[in-house]
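# curious how this folds, go ahead:
(chains A, B, C and D)
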Number of protein chains: 2
Amino acid sequence: MATLSDVAARAGVSVSAVSRVLSNASTSRVSGATRQRIEDAARELDYRPNFAARALKLSRTNVVALVVPDLTNAIFSELMRGVDEGARELGYMVLLARAESLRPASETIAHLVGEGRVDGVLVQVGDSMSDADLIPIMEGTVPAVLINSRRAGGVGSVVLPDQAGAGVAVDHLVSLGHRKIGLINGLPTTDSAQRRGEGFLAAMAAAGVPVQPDHVTNLGYTSTQGRAAFSHFASLADQPSALVVSNINAAFGALLEARARGIRVPEDLSIVGIHDAWTAENSWPPLTTVKMPLYELGRVSMNAIFERIRSGSAEDLVIGDPPPLLVPRASTAKVG
Amino acid sequence: MATLSDVAARAGVSVSAVSRVLSNASTSRVSGATRQRIEDAARELDYRPNFAARALKLSRTNVVALVVPDLTNAIFSELMRGVDEGARELGYMVLLARAESLRPASETIAHLVGEGRVDGVLVQVGDSMSDADLIPIMEGTVPAVLINSRRAGGVGSVVLPDQAGAGVAVDHLVSLGHRKIGLINGLPTTDSAQRRGEGFLAAMAAAGVPVQPDHVTNLGYTSTQGRAAFSHFASLADQPSALVVSNINAAFGALLEARARGIRVPEDLSIVGIHDAWTAENSWPPLTTVKMPLYELGRVSMNAIFERIRSGSAEDLVIGDPPPLLVPRASTAKVG
DNA sequence: GAGGCTTGATCAAACGATTGAGCAAATCTA
DNA sequence: TAGATTTGCTCAATCGTTTGATCAAGCCTC
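Residues are numbered from 1 along each chain as shown, chains lettered A, B, ... in the order given. Here you go, the predicted model:
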């Protein structure tokens, strides 16, 4: 590849002149003629600034890492799309890092930042990610933004409108006449499950519908955990007529278990899942969902980490626009 | 962050000594005592080699880019997992780049390599990626490996056992007694669709089952295109009793259209899709699939690009192990 | 026309790591 | 014990950019 000095030689000027012209610094006092010659030479040689040299000099890479617990996660691809789009606009690139079980996430993050590979880190906090994993972040040594989880202290975060989302699900079921509504929620230790739980209770209270204590489970977001939670409800003497499931994967698990038990959805039981995905259309019955603004979660997170890197500010944001949206399909119906 | 000279100062030696010890070069003639002091100092300062400096000096980043057409693609996450795992073992990191429609892929790739951000590129060739997009790769200026597509010339590639996969699907249907078997295939221009088509025809011939010309469509791999293809078959006077669908997404689309038309699967028609995903279990009916070795595709591709970078060799590989595997679910049954 | 600005360029020192060459001191060889 | 070799370390150049400092002209101003 052509270097600055190649371009300089061809244009008959010094490297500094070339550098100033091509990075068009405001302080560049260059004559129009030389500028032209430099630009021509650069174009002819197809010059591209060397990434490593620039990063070394500026101690800035314009790369952020996105650390995710799991690629098969339903929410990943939309989130990534949002992050990617935001990054492009800000002149950044995204390095994807899986937080695998082998190495603690803290190690991965410390490497990424310690070696100067990235300027900052976006961390999608998963169920299996403990607070210990977030030590370098909590300590503030690493410019980071937590996605979908809040932490005390000066850590930035961006979260979904979880309360509102659960509320939309509840309101939908209430409007269909349901009064016995259960909740299949994520692990009680996770932030998003807590907020969805709050939203569920708040919406139920607002609708004047009582919540039975054994109508709430907290087993987790996976399909398997959703199945297990469904079994719990099926074994109850006083069963709910509708379920809000905090995650689409768990909702699929619930559908699976319902089918296995010969419980008809939606005739015997209505189910609404939080998060939308194209696969919801292929399930049987097609799953009614609450679409959450995942794309925007990605975009806003990218903007947040950008600001964090630039000014050090650490905000806690909630995505407000667009609000959670009900996507009615065939897994919910009027109470029988 | 601590630099080499920080470590050198603390250990009371020169930077060169530190560099040699920490990168434990074989030519390093260092006494045990000094080695110890250096290692201690490095540990105490939590020294990590600066990525940019190393990359600049060695003109090598130990990063490869994975260029994908689409993140929501069913095959992406397993592929990525394989690439990631392979990368870890070889001491590489993976930069994920979406080949979006805005900018031609060739531009993206040229940037990535031209700026020295990556040592090589893995390109998952999508339907929308034309030959023009691959110019810098075909020219051989960029160390690259094509995933799932072959090209003439000295371009390396790794592909799935597509013929065998289609064969497994056909054999399954034949063993269930089907004699009228149709194929819903990808776009005729794509390499994988061509190979799956060949595999289909070969397996049919081997089984002594004739193929009707209008029992093969080539509309594409997406859900929508699968629906459209299904409509074609439904409008036929002489309809097949079973369908091989070249892609799981298209198979979901076919299921959707079958349901819309009141065609019962598998009672009226059997369907088997190529590629497996956990979502196949949630469809109605649960989709019988042929699981393709996507994880291995990723791993082998990573190894291939590594070799390509190291020695310049360009091989065309087919994943042989594990072979395509039938995952029987409920969308296929004995011919009625 | 001497001194002071402005303009348009170059010089040179970083950034942090790698690595061939150089050089004392220690050890070996005969 | 003189000379050769090995051992253990340091020197210094280099990778490609950025950027403050410097400097030679040209142009005002009075």
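
# and A:L122, helix, strand or coil?
strand (DSSP: H, G, I helix; E, B strand; the rest coil).

# state the distance from it to DNA strand D.
25 Å (CB to the nearest atom of the strand, to the nearest Å). Just so you know, the C-beta spots here come from the backbone N, C-alpha and C atoms, and that holds for glycine as well.

# A:G165 contacts A:V290, correct?
Yes. Counting by CB atoms under 8 Å, A:V290 is a contact partner of A:G165 at 5.1 Å.

# how about the contacts made by the residue in the stretch 151-300 of chain A that chain B sits nearest to?
When scored by CB to the nearest CB, the stretch 151-300 of chain A has A:W284 as its residue closest to chain B, at 2.5 Å. By CB atoms under 8 Å, 6 or more residues apart in numbering or on different chains, the contact set of A:W284 is A:L255, A:R259, B:N282, B:S283, B:W284, B:P285.

# which residues are in contact with each of A:G165 and A:V290?
With CB under 8 Å, 6+ apart as the test, A:G165 and A:V290 both reach A:I274, A:P324.

# count of neighbours near A:A207?
Per other CB atoms under 10 Å in any protein chain shown, the neighbour tally for A:A207 reads 16.

# what sits closest to it if chain neighbours are left out?
A:V174 (4.6 Å; CB to CB, 6 or more residues apart in numbering or on different chains).

# report the separation between the one you found and A:R81.
Note on A:V174: its distance to A:R81, by CB to CB, to the nearest Å, is 33 Å.

# biggest helix in chain A by residues?
helix A:294-311 (DSSP state H).

# determine the set of other helices and strands touching it.
strand A:63-68, helix A:76-90, strand A:120-124, strand A:144-147, strand A:156-159 (3 or more CB pairs under 8 Å, 6 or more residues apart in numbering or on different chains; DSSP states H and E).

# repeat that with 6 Å
With contacts defined as 3 or more CB pairs under 6 Å, 6 or more residues apart in numbering or on different chains; DSSP states H and E, helix A:294-311 has these neighbours: helix A:76-90, strand A:120-124, strand A:144-147, strand A:156-159.

# buried residues in the helix-or-strand element of chain A with minimal mean pLDDT?
Lowest by mean pLDDT, DSSP states H and E among the helices and strands of chain A is helix A:135-138, with a mean of 72. Neighbour-count burial for helix A:135-138 flags A:I135, A:P136, A:I137, A:M138 (criterion: 16 or more other CB atoms under 10 Å in any protein chain shown).

# could those residues go into JSON lines alongside distance to A:S19?
Shown next, in JSON lines, are these (distance: CB to CB, whole Å):
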{"residue": "A:I135", "distance to A:S19": "40"}
{"residue": "A:P136", "distance to A:S19": "35"}
{"residue": "A:I137", "distance to A:S19": "36"}
{"residue": "A:M138", "distance to A:S19": "40"}
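
# of those, which is the nearest to DNA strand C?
A:P136 (18.4 Å; CB to the nearest atom of the strand).

# who's in contact with the residue most central in space within chain A?
Most central in chain A under CA atoms, centre = their mean is A:L79, positioned 4.6 Å from the mean C-alpha point. Neighbouring residues of A:L79 by CB atoms under 6 Å, 6 or more residues apart in numbering or on different chains: A:L294, A:L297, A:G298.

# top of the residues you listed by number of neighbours, please.
In the contacts of A:L79, the most neighbours by other CB under 10 Å go to A:G298, 30 neighbours.

# next one: that residue, what pLDDT does it get?
Per-residue pLDDT puts A:G298 at 97.

# would you mind measuring from A:G220 to A:D238?
From A:G220 across to A:D238, the span is 24 Å (CB to CB).

# er, A:V15 actually
With CB to CB as the criterion, A:V15 and A:D238 are 80 Å apart.

# is any residue of stretch A:56-70 near DNA strand D?
Yes. Using CB under 7 Å from any atom of the strand, we find that stretch A:56-70 touches DNA strand D at A:L56, A:K57, A:L58.

# what's the closest of these to A:S311?
Relative to A:S311, the closest of the residues of stretch A:56-70 next to DNA strand D is A:L58; by CB to CB it sits at 17.1 Å.

# torsion angles phi and psi at the closest one?
Phi and psi for A:L58, reported as degrees, to the nearest 10, are phi -90, psi -10.

# what's the answer for the one 3 residues further on, then?
Its backbone dihedrals place A:T61 at phi -110, psi -10, with angles given as degrees, to the nearest 10.

# which positions in the stretch 1-150 of chain A make contact with DNA strand D?
So far as CB under 7 Å from any atom of the strand goes, the stretch 1-150 of chain A lies against DNA strand D at A:3-5, A:15-16, A:19-20, A:22-23, A:25, A:27, A:47-50, A:53-54, A:56-58.

# can I get stretch A:97-108 in CSV, CA atoms only?
Extracted in CSV, the C-alpha atoms of stretch A:97-108 (Å, rounded to 0.1, in the frame of the first residue of the first chain):
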residue,chain,number,x,y,z
ALA,A,97,-16.8,-10.3,20.9
ARG,A,98,-18.6,-13.3,22.3
ALA,A,99,-18.5,-13.5,26.1
GLU,A,100,-17.9,-17.2,26.2
SER,A,101,-18.0,-19.3,29.3
LEU,A,102,-14.3,-20.3,29.1
ARG,A,103,-12.8,-16.9,29.8
PRO,A,104,-14.5,-14.5,32.2
ALA,A,105,-16.0,-11.5,30.4
SER,A,106,-13.8,-9.2,32.5
GLU,A,107,-10.7,-10.8,31.0
THR,A,108,-12.0,-10.3,27.5
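
# any residues touching that stretch, and which ones?
With CB under 6 Å, 6+ apart as the criterion, stretch A:97-108 contacts A:A65, A:V67, A:P69, A:M129, A:D133, A:I135, A:P136, B:D84.

# for the residues you listed, work out which two are farthest apart.
It's A:I135 and B:D84 that sit farthest apart of these, by CB to CB, at 23.6 Å.

# near chain B, which residues of the stretch 51-200 of chain A show up?
A:51-53, A:55-56, A:71-72, A:77, A:80, A:84, A:95-96, A:98, A:114-117 (CB under 6 Å from any CB of the partner chain).

# just the buried subset of those residues, please.
A:51-53, A:55-56, A:71, A:77, A:80, A:84, A:95-96, A:98, A:114-117.

# circling back: out of the contacts of stretch A:97-108, which is nearest to A:A228?
Closest to A:A228, out of all of the contacts of stretch A:97-108 and judged by CB to CB, is A:P69, at 20.0 Å.

# my read is that that closest one contacts A:D127, right?
No. Counting by CB atoms under 6 Å, A:D127 is not a contact partner of A:P69; they are 7.3 Å apart.

# could you find the closest non-adjacent residue to A:K180?
A:P240 (4.4 Å).

# again with A:L287
Per CB to CB, 6+ apart, closest to A:L287 is A:A280, 4.2 Å.

# how about stretch A:252-269, which residues are buried there?
For stretch A:252-269, burial by neighbour count (16+ other CB under 10 Å) applies to A:F252, A:G253, A:A254, A:L255, A:L256, A:E257, A:A258, A:R259, A:I263, A:V265, A:P266, A:L269.

# quick one: terminal-to-terminal distance for it?
End-to-end distance for stretch A:252-269, by CA to CA, to the nearest Å: 14 Å.

# also stretch A:152-168?
By CA to CA, one end of stretch A:152-168 lies 28 Å from the other end.

# chain center to that stretch, what's the gap?
11 Å (CA atoms, centre = their mean, to the nearest Å).

# go on, stretch A:198-213?
27 Å.

# ditto for stretch A:111-122
19 Å.

# export that stretch as CSV, just CAs?
What follows is stretch A:111-122, C-alpha atoms only, in CSV (Å, rounded to 0.1, in the frame of the first residue of the first chain):
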residue,chain,number,x,y,z
HIS,A,111,-7.7,-7.4,26.8
LEU,A,112,-9.7,-5.4,24.3
VAL,A,113,-9.2,-2.1,26.1
GLY,A,114,-5.8,-2.8,27.6
GLU,A,115,-4.2,-3.6,24.3
GLY,A,116,-5.8,-0.5,22.8
ARG,A,117,-7.8,-2.5,20.3
VAL,A,118,-11.0,-0.5,21.0
ASP,A,119,-11.8,2.9,22.4
GLY,A,120,-14.8,1.6,24.3
VAL,A,121,-17.0,-1.3,25.0
LEU,A,122,-20.7,-2.0,24.7
